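> just need the structure, nothing else, for what follows:
(one chain, ligands or ions: 2)
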Amino acid sequence: MNKIWNGAGRRIHMQEVGTRDGLQAEQAFVPTDEKVALVNALSEAGMAKIEVTSFVSPKAIPALRDGEIVLREITRQPGVVYSALVPNVRGAERAVDARTDEFNLVMSASETHNLANLRMTRGQSYAALREVNELAGQAGATVNVSLSCSFGCPMEGDVPAATVLDWCARFVDEMGAHGVTLCDTTGMAYPGQVAELTAAFRERWPATELTLHFHNTRGLGLANVLAAMDAGADRFDASLGGIGGCPYAPGATGNVCSEEIVHALELMGYRTGVDLQRLIEAAKRLPALIGHDIPSQIVKAGRRLDLHAVPADFEAIRERALARDL
Ligand code: COA
Ligand code: ZN
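Residues are numbered from 1 along each chain as shown. Ligands and ions are numbered 1, 2, ... in the order given. The predicted structure follows:
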């Protein structure tokens, strides 16, 4: 049997991004106390890391304009890392005030998407993020860098792996980032590509925390997670209910769904540390908060062994069938 199908208790770190990547894509403004309750439920469910919010311009992402309050009011569980997206120095100042554990610096590997999303060239973003890195260091926070469009850009097309790895080198080797997230912003990644980029990163930076961030836009989410695991990855971003997407990336839709990934990995014998039942209960709260149905197949179908009642006339069916043998 190929090793990927048999987790044998191997630990996989599940990082929740539903309250950031998820809610940023929604029209509805989820009330601050509901966001706090959602983060608390995700902490209690055992997610390793939670991207609580983003410190971006409230004009760009009005849905997350209450980031400071949410971070201040959540109940922090020991061992859970509370992260927030930071694009610039103003965002870093807000993240320091909110006592953010990890600053998730964001930049796109695609020049076009970086301009559309952050209104800066990649060079300008990098210069700003170096300052953000300084501020994070002074505040004692760790730094992760999320590289959008690492597997392709919806406006430019393919982004060469060499370009992605060059930016990784600048963030890891020059800036000393603790972690890097390779983001598939609009679901353009496919398993062979994922395996190659993951293996290349792991070989070059074995000690750097590597996260893979997939969107299920073309139905390849779980396949990409498995391909990355086979190539040495053990950390994944995912969103409750499978909501999410970048409003400044044309065609973006939801992240891989947290409860679907946890359900699949636990069946395969991996250890996620996540209480699936609690996660499902948290996901069931989403439709009322965001005003529409969610992609989650697990919320729709239940877990593999959530059984259904037999048909009402089952005894009659059985008796009729058994009577044939007499
Ligand atoms: N937090 C709050 N306000 C911010 C901010 C931040 N991090 N960065 C800038 N602003 C405010 C400025 O204070 C200024 O306010 P004013 O108009 O009241 O004076 C205004 O936003 C414009 O600032 P500027 O520095 O010129 O920003 P910009 O218009 O060039 O936009 C970004 C640059 C990065 C702030 C903006 O494009 C952004 O927030 N993008 C994030 C998009 C995103 O989150 N996408 C999804 C995640 S991948
Ligand atoms: Zn995303």
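
> what about whichever residue of the stretch 151-300 of the chain sits closest to ligand 1, how many neighbours?
Residue of the stretch 151-300 of the chain nearest ligand 1, by CB to the nearest ligand atom: Cys246 (4.5 Å). Quick note: C-beta positions are derived from backbone N, CA and C, even for glycine. Neighbour count for Cys246, taken as other CB atoms under 10 Å: 24.

> equivalent analysis for the one 10 residues further on, please.
Counted with other CB under 10 Å, the burial measure for Val256 works out to 27 neighbours.

> look up phi and psi at it.
phi -60, psi 150 (degrees, to the nearest 10).

> residues contacting the closest residue to it other than its chain neighbours?
Closest residue to Val256 apart from its sequence neighbours, by CB to CB, 6 or more residues apart in numbering: Gly221 at 3.7 Å. Shown in contact with Gly221 (CB atoms under 8 Å, 6 or more residues apart in numbering): 187, 214-215, 255-257, 260-261.

> just the buried ones from those?
Among the contacts of Gly221, the ones that count as buried by 16 or more other CB atoms under 10 Å are 187, 214-215, 255-257, 260-261.

> now those in CSV, with pLDDT, secondary structure and distance to Val86?
Below are the buried ones among the contacts of Gly221 laid out as CSV (pLDDT from 0 to 100; DSSP: H, G, I helix; E, B strand; the rest coil; distance: CB to CB, whole Å):
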residue, pLDDT, secondary structure, distance to Val86
Gly187, 98, coil, 24
Phe214, 98, strand, 22
His215, 98, strand, 21
Asn255, 98, strand, 19
Val256, 98, coil, 23
Cys257, 98, strand, 25
Glu260, 98, helix, 28
Ile261, 98, helix, 25
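
> those residues into a markdown table, with extra columns for distance to ligand 1?
Shown next, in a markdown table, are those (distance: CB to the nearest ligand atom, whole Å):
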| residue | distance to ligand 1 |
| --- | --- |
| Gly187 | 14 |
| Phe214 | 14 |
| His215 | 11 |
| Asn255 | 12 |
| Val256 | 16 |
| Cys257 | 19 |
| Glu260 | 22 |
| Ile261 | 20 |
